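> Need the 3D shape of this:
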Amino acid sequence: MTKTPVIAVFDVGKTNKKLFFFDEQYKIVLERTARFDETVDEDGDPCEDLVNLTSWLKETLSEIIHLPEFEIKGINFSAYGASFVHLDEHGVPIGPLYNYLKPFPEDLKDKFYNQYGGEVKVSTETASPVLGNLNSGMQLYRLKYQKPEVYN
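Numbering: from 1, shown residues only. Presented below is the predicted three-dimensional model:
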């Protein structure tokens, strides 16, 4: 049997987690979707269930590499924006995958913008509007002051 050459794409969105196989004509020849309930971070705010997400990725990857009808030529990962996982020196997560919709503390927002010249100046110079945790840099700033054990 001739195997169909494909590129596997994991599209990890906030709501849906998807796997696509694209053939050489960029047609989708396989598609799978998963959804997971959110969990909460240490502050009680909703966040991604990193354990379920990691398990799904590993199990799905382990399964697809053995599909006899496909030859995987490459794998790509796409994930929703302003989100990242902090790892220790062994590659183990040391905190949750914080939700970018998590409220940003007003006191830290004021501290940051007062230190760097105000919202308009920072937004203009960085082309980054004031969007709290939708800005990955602001997430890091929050962690630096509120969760130094994760930041450091």
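> Just the buried residues of stretch 13-30, please?
17, 19-22, 30 (16 or more other CB atoms under 10 Å). All C-beta spots, glycine's among them, are computed from the backbone N, C-alpha and C.
> That one: how far from the chain's middle?
The chain centre lies 18 Å from the centre of stretch 13-30; the measure is CA atoms, centre = their mean, to the nearest Å.
> Can you pull out the residues in contact with it?
4-12, 31-36, 48, 53, 56, 60, 64, 67, 70, 72, 79-80, 83, 99 (CB atoms under 8 Å, 6 or more residues apart in numbering).
> got the domain boundaries for this protein?
1-85, 103-152 (automatic domain parsing).
> how about those domains, which one is nearest residue 94?
Closest to residue 94 of the domains of the chain is domain 103-152 (CB to CB; 5.7 Å).
> what's the span of the closest one from first residue to last?
The straight-line separation of the ends of domain 103-152 (CA to CA, to the nearest Å) is 22 Å.
> circling back: okay if I get the domains of the chain as TSV plus distance to residue 91 and mean pLDDT?
Below are these laid out as TSV (distance: least, CB to CB, whole Å; pLDDT from 0 to 100):
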stretch	distance to residue 91	mean pLDDT
domain 1-85	10	95
domain 103-152	15	94
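> Dump the ones you listed to JSON lines, plus distance to residue 95.
What follows is the domains of the chain, written out as JSON lines (distance: least, CB to CB, whole Å):
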{"stretch": "domain 1-85", "distance to residue 95": "8"}
{"stretch": "domain 103-152", "distance to residue 95": "4"}
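> Just the buried ones out of the contacts of stretch 13-30, please.
Neighbour counting by 16+ other CB under 10 Å classes 6, 8-12, 36, 48, 53, 56, 60, 64, 70, 79, 83, 99 among the contacts of stretch 13-30 as buried.
> Just flag the most distant two among these.
70 and 99 (34.2 Å).
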